[in-house]
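**Q** The sequence and its predicted three-dimensional model are supplied below.
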Amino acid sequence: MPRIIALTGATGFVGRHLVRNLLEQGFKVKALVRRSGALDDLAQENLFIYEGDLSSDLTHWIKGADCVFHLAGLVKAPKWSNFEEVNVNGAGRVAKAAEIANIPRLILLSSQTARAPELSRYAKSKKLGEEAVKQEFSGKLAIIRAPAVFGPGDNATKPIFELMKRGLLPVAGGHDWKTRSVAMVYVSDLVENLIGYALEGKYDGKTVSPATERALTMPQFAKYGEDALERPVRAFPVPLMILYPVAAITTLTLRLFSIGHLSLGKLAEFRYEHWQSNDLVSNPTPMAEAIAKTVQSYNAPG
């Protein structure tokens, strides 16, 4: 019998890739979504849609699952209470429902920012979300602290790749901008790792950050971009005297109107020096190839 996967966050960037891959491999997927038609393009006999959110009664959705993937969460929010309700309390509710239903395994997709919760409200919420899940669930648990994820379908990073097509890669400034490195993971590599390793129990009891590249500076990323796009790509620092006022204004517009992305907290995350990872995915996609596929997806019709 096909294994049954209960999943939140199915309509998100990583979630859509994961659902598609699970279905292709013959799993049955029970997706909790806020709008029933959001996954119509993936509809097939092994995909079961449950309309609701993290505050809903999760009993029917989670019943009978062999594993729960919890991916849903907020990346930006106007105030702390929003992050707390979704990223902390919501994660706890999913874990409690899994515990009550005797689900044998839960896989939490967290963020590498949970390593430094002092940087931002988002980072703090991801760390507390991990702790809430540990408190509520006593079964086999894997925590995946995803590093910077990119790939086809990610609107958050699309502007960066659009600029790279024009030969530019802006970087948060500071004296260390050339040497500051981050772990990155191509979305297909992450999804294959979630299914081939986390779902198979190889990460049980662990907290890992699977990466395509474990430590990549922005000049190195620009060089991969040159190889992918077959044109020069120049990484250049945006002065902090420009970024901090912009981030301060964005922090205010986020709080008042839920508009913007580069908050002071997000800028602190960009400037952090310790986003490297020790965890390399199996058979990582060459970075230039991953960049090329990502750019091609943005150029594709529709």
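**A** Sure thing, it's come through.

**Q** For the longest helix along the chain, buried residues please.
**A** The longest helix of the chain (DSSP state H) is helix 240-257. Neighbour counts using 16 or more other Cβ atoms under 10 Å place Leu240, Leu243, Ala247, Thr250, Thr251, Leu254 of helix 240-257 among the buried residues. (Each C-beta comes from the backbone N, C-alpha and C, glycine too.)

**Q** and the last one, what does it touch?
**A** With Cβ atoms under 8 Å, 6 or more residues apart in numbering as the criterion, the residues that contact Leu254 are Lys76, Ala77, Pro78, Gly260, Ser263.

**Q** Which members of the residues you listed are the farthest-apart pair?
**A** Distances among these were taken as Cβ to Cβ; the most separated pair is Ala77 and Gly260, at 11.5 Å.

**Q** Let's have the buried residues of helix 240-257 in a markdown table, adding pLDDT.
**A** Shown next, in a markdown table, are these (pLDDT from 0 to 100):
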| residue | pLDDT |
| --- | --- |
| Leu240 | 96 |
| Leu243 | 95 |
| Ala247 | 94 |
| Thr250 | 93 |
| Thr251 | 94 |
| Leu254 | 91 |
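
**Q** Helices of the chain, start to end?
**A** 13-24, 59-62, 80-83, 91-100, 121-136, 158-165, 187-193, 218-229, 240-257, 264-271, 287-299.

**Q** how far out from the middle of the chain is the longest one?
**A** Here helix 240-257 shows a centroid-to-chain-centroid distance of 23 Å under the convention Cα atoms, centre = their mean, to the nearest Å.

**Q** relative to helix 264-271, how tilted is that helix?
**A** Helix 240-257 and helix 264-271 are oriented at 140 degrees to each other (axes from the mean of the first three to the mean of the last three Cα atoms, to 10 degrees).

**Q** Then the first one?
**A** Interaxial angle, helix 13-24 versus helix 264-271 (the same axes, to 10 degrees): 70 degrees.

**Q** Return the list of helices and strands in contact with helix 13-24.
**A** strand 4-8, strand 28-33, helix 187-193 (3 or more Cβ pairs under 8 Å, 6 or more residues apart in numbering; DSSP states H and E).

**Q** Among the ones you listed, which comes closest to Lys165?
**A** Of the helices and strands packed on helix 13-24, nearest to Lys165 by Cβ to Cβ is helix 187-193, at 19.2 Å.
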